[in-house]
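J.: predicted model and sequence follow; I will ask about them next.
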There are 2 protein chains.
Amino acid sequence: MTMQFQRIKGAEDFYPAEQAIREAIYAKLDEQARKFGFQRVDMPAIETIKLLTAKSGEEVRQQIFVLEKKGTEELGLRFDLTVPMTRMFVAKQKELPKPVKWFSINKMWRYEAPQAGRQREFSQLSVELFGSDKPEADAACINLIIACMESLGLTNKDFTLRINNRKLLEGLLLEVTSQDKLPEVVRLVDKSNKIGEVEFAQELKKLGIDLQKIEVIKKITKCQGPPSILATIRSELKPNALAMEGLTELENVLQFVDKKYITINLSIARGLAYYTGNVYECFDKEGKYRALAGGGRYDQLVQLLGGEPTPATGFAIGMETLRLLLEEKGKLPKVEIGTEYYIAPVGETIAKAIEIATALRKKNTVDIDLMRRSLTKQIEYAATIGAKKLVIVGERDLKEGKVTVRELATGKEEKIPLDRIQG
Amino acid sequence: MTMQFQRIKGAEDFYPAEQAIREAIYAKLDEQARKFGFQRVDMPAIETIKLLTAKSGEEVRQQIFVLEKKGTEELGLRFDLTVPMTRMFVAKQKELPKPVKWFSINKMWRYEAPQAGRQREFSQLSVELFGSDKPEADAACINLIIACMESLGLTNKDFTLRINNRKLLEGLLLEVTSQDKLPEVVRLVDKSNKIGEVEFAQELKKLGIDLQKIEVIKKITKCQGPPSILATIRSELKPNALAMEGLTELENVLQFVDKKYITINLSIARGLAYYTGNVYECFDKEGKYRALAGGGRYDQLVQLLGGEPTPATGFAIGMETLRLLLEEKGKLPKVEIGTEYYIAPVGETIAKAIEIATALRKKNTVDIDLMRRSLTKQIEYAATIGAKKLVIVGERDLKEGKVTVRELATGKEEKIPLDRIQG
């Protein structure tokens, strides 16, 4: 039979076993966010195109799933959670006590070519902190990423946080490039790890940057190492005022985070229009996968979306890459999806079996035969779905006021009085 | 300031307090579904238009949020969870042990005029049971609805289940109407509670049904009452073979459910193309709101979506109406969104305060000052966000190896050694 109806490309169906694993991961992320005092919010999947394109302009529109126009406004599916949460913040900015600490675990959609760790429909934990310009706010976000990873059994052997500061990077670059070329140079620096040294130099040359300056940019980009390299940057790269401001911001955050997880990496920029200060991305230690998480300070976004100027910082952890890494490291949460009990009526005992199921459900998960199958077939099914105990409700036992309870793993059987099981 | 960016019409933002209430309700529904042996699944929000319109034809297309075409296939947002779950079932039908018992709690989208209890984006618990044609399968669904409502504190004083059977209704109607007019008559019967007796009669007349037959149809529609009225239906309405089959199906289910929750109501039909046997809707007892839940047997859908013929039964509970009823009855879950602790550094103690927060987070939810505010302002904020205990980290206390812990509700204070709080 050919399948008439396929699911869409770049999105997944999650059957019970996989769904249970994902729920267990989400539960950990949710728990950690709450432990840090973040509160969960939820918002529509659909937003106006005007909102969705406000931050990054029409170019992101290509990636948006746009809806056919029915009313007066153009609508589309959200591609992140930061923009909708910022809209929510702006809508109640006056009445909300600051700082506002929110998170959401939700789906989003981007029309891109699907690849490993990147789907068209995907899920993230997104954490936003509005109202604080202090380094401890950035540190809270970084510490929460670390706590999330640790709660899933990952350590500094498995992941690292690459940290940079936009002011530091831009200050250093402005010594060898003009303001008008800066956005394009930053974009290339951000891509430099992916495109390789030769292409990186070629692209810079195309911008009209001379060879000597390209060498300086390459040197900046290669500033990657433990927090101690900040001293080297200070002494060797001769930071100007802007770069010094960024360097100080970076150092201020580092005093509040666990430095064994931190790598300084001046090539991290995280897109163009968004981030204003410290930025970071979390990668698996071997650099095999796409980023596990990314975030930073975005002090302009609230104002851009119509709010009063408000400092903000936040991050997102993507589900797909995290799941890939957890699987590789053998750290996927162990889940059980079978019920505690499976009730097997034998003969004309269905009504009584349902009664027993209802009683056991006060405290347990309970499945029951719905097919009027033979006991043998029922036991097969109960084993397949992973039930732990079988309750055989037979006519003869019932006359004695009893049922037979069998541990499916061991085969151990016991006759138990009805009043004890229904109690 | 005028708001530049509004959320879309017919969809809601859920701020933390409301989100917590909804999560508590979802948690109850999720727990009950699992207690009945249903397993949670998840699936894309986007499906092909071909799938979405397969069941009900192009007419539902008006209600679908259709996406602008980017690839070769027309895509849209799901308007229920039954169709996507049935697609998932069909995709793995051969390998899945039957019966398959799934649920999903998820959002869906319909382009309709928003009204009380009906949004364009809304959430449902949807429960599907594939593979059993037995009455105990329908009964499991009905009992699960009842268990969900009871778990939220609702009783038979608050809600009732109106049950009917499509074969019973259609068999009775076929005595006074022709097969070709049947779908339209069923549609009118389904609407009869809403449109009133006069309009109901007028609409039937428009179909060319004579007055005497309209009286019979009105009589059928008014068969509403406790399960005992099934005897009356049997004796007075002279059911034909089809109607008798439906009546028997109905009676077979009733033997396995708690009849204090049940009302027989021959006007319940639940749409046209979908249901094949028993159907039911759950309403608040006073009939003030739209249906809280609805479901029934849909033995044709699997085949219609390309699968092997498979009996199926299921239901959905809508979040919006349920929440309205719970609020009216004073049964909204009580939720607390504040943290256990709020850490208030005073003076140069931020790094130590963060250490204390980290230690307390092993077991607790912990917020901490991120604004470097005065103690007075910190206490105000901690109270606003609903924190329970304040930990004041002051320089003098720290020298003695202590912090001050204050219960915010009582003002009771205690000095506690650091090693006890960080333990």
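T.: That came through fine.

J.: what pLDDT is listed against the residue nearest to residue A:402 when sequence neighbours are not counted?
T.: Ranked by C-beta to C-beta, 6 or more residues apart in numbering or on different chains and with sequence neighbours excluded, the top spatial neighbour of residue A:402 is residue A:415, at 4.8 Å. All C-beta atoms are positioned from the backbone trio N, CA, C, and that covers glycine. Looking at residue A:415, its pLDDT stands at 96.

J.: would you say residue A:415 is within a strand?
T.: Yes - judged by DSSP: H, G, I helix; E, B strand; the rest coil, residue A:415 forms part of a strand.

J.: how many other residues sit next to it?
T.: 12 (other C-beta atoms under 10 Å in any protein chain shown).

J.: where's it relative to residue A:396, distance?
T.: To residue A:396, residue A:415 is 11 Å away according to C-beta to C-beta, to the nearest Å.

J.: cool, and residue A:354?
T.: The value you get for residue A:354 to residue A:396, if C-beta to C-beta is used, is 19 Å.

J.: quick one, which of those two is more surrounded?
T.: residue A:354 (21 against 9).

J.: in the helix or strand where the more buried one lies, what counts as buried?
T.: According to DSSP states H and E, residue A:354 maps onto helix A:350-360. For helix A:350-360, a neighbour-count test (16 or more other C-beta atoms under 10 Å in any protein chain shown) marks A:350, A:352-360 as buried.

J.: what of stretch A:85-100?
T.: A:85-91, A:93, A:96, A:98-100.

J.: so which of the residues you listed are in helices?
T.: A:85-91 (DSSP state H).

J.: mind putting these into TSV with distance to chain B?
T.: Shown next, in TSV, are these (distance: C-beta to the nearest C-beta, whole Å):
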residue	distance to chain B
A:85	9
A:86	9
A:87	5
A:88	5
A:89	10
A:90	7
A:91	7
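
J.: tell me which of those is nearest to residue A:53?
T.: The nearest member of these to residue A:53, counting by C-beta to C-beta, is residue A:87 at 13.0 Å.

J.: name the nearest residue to the closest one, ignoring sequence neighbours.
T.: residue B:5 (5.3 Å).

J.: any idea how far residue A:302 is from the one you found?
T.: Distance from residue B:5 to residue A:302, by C-beta to C-beta: 11 Å.

J.: need the residues touching each of these two.
T.: Common neighbours of residue B:5 and residue A:302, counting by C-beta atoms under 8 Å, 6 or more residues apart in numbering or on different chains, are residue A:90.

J.: chain B contacts on the stretch 101-250 of chain A?
T.: Neighbours of chain B within the stretch 101-250 of chain A, by C-beta under 8 Å from any C-beta of the partner chain: A:101-102, A:107, A:109, A:111, A:121, A:129, A:131-132, A:134, A:136-137, A:139-140, A:143, A:147.

J.: rerun at 6 Å
T.: A:111, A:121, A:132, A:134, A:136-137 (C-beta under 6 Å from any C-beta of the partner chain).

J.: with neighbour count added, can I get the residues you listed in JSON lines?
T.: Output for these, formatted as JSON lines (neighbours: other C-beta atoms under 10 Å in any protein chain shown):
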{"residue": "A:111", "neighbour count": "19"}
{"residue": "A:121", "neighbour count": "20"}
{"residue": "A:132", "neighbour count": "23"}
{"residue": "A:134", "neighbour count": "20"}
{"residue": "A:136", "neighbour count": "24"}
{"residue": "A:137", "neighbour count": "24"}
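
J.: next step: those residues restricted to strands.
T.: Taking DSSP state E, the ones among these that sit in strands are residue A:121.

J.: nearest to residue B:377, of the residues of the stretch 101-250 of chain A next to chain B?
T.: residue A:132 (13.0 Å).

J.: where's residue A:220, which helix or strand?
T.: Assigned by DSSP H and E, residue A:220 falls in helix A:211-221.

J.: convert the C-alpha atoms of that helix to CSV, please.
T.: Presented in CSV, the C-alpha positions along helix A:211-221 are these (Å, rounded to 0.1, in the frame of the first residue of the first chain):
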residue,chain,number,x,y,z
LEU,A,211,46.1,42.0,3.3
GLN,A,212,47.7,43.5,6.4
LYS,A,213,44.4,44.3,8.0
ILE,A,214,43.0,40.9,7.0
GLU,A,215,45.9,39.4,9.1
VAL,A,216,44.8,41.5,12.0
ILE,A,217,41.2,40.4,11.7
LYS,A,218,42.3,36.8,11.4
LYS,A,219,44.4,37.2,14.6
ILE,A,220,41.3,38.7,16.4
THR,A,221,39.1,35.9,15.2
